[in-house]
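In: Have a look at this prediction, sequence included:
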Amino acid sequence: MIQEGKIVLLVEDDENDVFFFRRAVGKAGLELSLHLASDGEEALQYLNGNEKYADREMHPLPEVIFLDLKLPYVNGLEILEHIQKKPALEKIEVVVLTSSPEDRDRKRAFELGAKEYLVKPATPTTLLQILAALSRPKAEVKW
């Protein structure tokens, strides 16, 4: 079962994709605490609790990140590398949500700890399945 209020960080620079993600979440009937970072640099600031993200009550660490790979300033693979190097972030589940169908991007994302790799657009059903899987204990999750 999906946990009510699951904290999700969407790292996406395209406003249309943000709209479609929110719409898919709504159609799936998910109650999420959704936070947004519009580029890679902002995502790192959020994850590190820097600048405007220092207040962890307002900007809690996410349980799940939906991460675009093609981002301004810092790309998604660099964000995955950062997460992998920080013990405080190791419990965060990362789902890559990108327009890149490239096998090399998929392979590298999995090497860096991504739990799933989805090519846009994500459907409500797909999001529901991913979040349901991520809410189960790790032993039950089969990728």
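Out: Good, I have the coordinates.
In: all contacts plus neighbour counts: C-alpha atoms, from now on.
Out: Will do.
In: mind listing what the nearest residue to Val18 once chain neighbours are set aside touches?
Out: The spatially closest residue to Val18, leaving aside those adjacent along the chain, is Glu12, at 6.6 Å (CA to CA, 6 or more residues apart in numbering). Taking CA atoms under 8 Å, 6 or more residues apart in numbering, we find Glu12 in contact with 18, 36-39, 67-68, 71.
In: Recalculate using a threshold of 7 Å.
Out: Applying CA atoms under 7 Å, 6 or more residues apart in numbering, one finds that Glu12 lies in contact with 18, 37-39, 67-68.
In: What of Asp68?
Out: Contacts for Asp68 (CA under 7 Å, 6+ apart) come out as 11-12, 76, 96-98.
In: From Gly29, how far out is it?
Out: 23 Å (CA to CA, to the nearest Å).
In: where in the chain is pLDDT low?
Out: Within the chain, the stretches with pLDDT under 70 are 1-4, 129, 131-143.
In: what are the ranges of the helices in it?
Out: Along the chain, counting by DSSP state H, helices occupy 15-27, 40-48, 76-85, 103-111, 124-135.
In: and Leu44, how many neighbours does it have?
Out: When neighbours are counted by other CA atoms under 10 Å, Leu44 registers 19.
In: before we move on, the earlier item: top of the contacts of Glu12 by neighbour count?
Out: Neighbour-wise, these (other CA under 10 Å) top out at Asp68, 29 neighbours.
In: Just want the phi and psi numbers for it.
Out: phi -80, psi 150 (degrees, to the nearest 10).
In: Give me the distance between it and Ser38.
Out: 10 Å.
In: Identify the contacts common to those two.
Out: 11-12.
In: And for Phe114, the neighbour number?
Out: Quick fix: residue 114 is Ala, not Phe. 22.
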